[in-house]
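> return a 3D structure for these sequence lines:
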Amino acid sequence: MKIVEVYSELMKALLSGKFVYTAEIEAGKTSNLEGIIEKARRLKGYVAAINITDNSEACAHMNPLIPSYAIQRDAGIETVYQLTCRDHNRLALTLDLLATAALGIKNILVMTGDYVTLDDPETKTHFRLRLCNTILPGKENG
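Got it, this is the predicted structure:
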């Protein structure tokens, strides 16, 4: 039997074999966290974690690190910090992953992200980074 170290309540729930519900909240184009935290509070008891989107639909929103931390602190619900490679070079990804760990956010969803088409078509993307090259070095270094 393989021993798995459990890092979060979401991971514990997933490993239990039961069906797990999560919710998604968009960070939005705001600097006011009150509405986001209130949405999270209403979901408490219904979901195992809340996924905070990272510039969904390739439109600029608040950095999801901020509401991820605030929801965990103020609403008492684990979050899943969504991180898109599209908007980050390797240095920025490392910066965000270190900040995530320092803030106690234990669940991270890394993905490429949507193509930039609506908000600012002139925006340069970083799709050249392969997800495996981004994730594996962090895993090897603890």
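
> okay, and the helix or strand of this structure with the least pLDDT?
The least trusted helix or strand in the chain, going by mean pLDDT, DSSP states H and E, turns out to be helix 131-140, with a mean of 48.

> correct me if wrong: residue 80 contacts residue 47.
No. Residue 80 is beyond contact range of residue 47, at 10.4 Å (criterion: Cβ atoms under 8 Å). C-beta: built from backbone N, CA, C; applies to glycine.

> which one's more surrounded, these two?
residue 80 (23 against 18; other Cβ atoms under 10 Å).

> what sits against the more buried one?
Listed by Cβ atoms under 8 Å, 6 or more residues apart in numbering, the contact partners of residue 80 are 10, 22, 49-52, 68, 107-109.

> of those, which belong to helices?
Judged by DSSP state H, those include 10, 68 as members of helices.

> circling back: intersection of neighbour lists for residue 80 and residue 47?
Residues touching both residue 80 and residue 47 by Cβ under 8 Å, 6+ apart: residue 22.

> so where's this structure uncertain?
Residue ranges of the chain with pLDDT under 70: 1-4, 55-61, 86-88, 112-142.

> helices along that one, start to end?
Counting by DSSP H, the chain has these helices, from start to end: 9-15, 34-43, 65-74, 90-102, 131-140.
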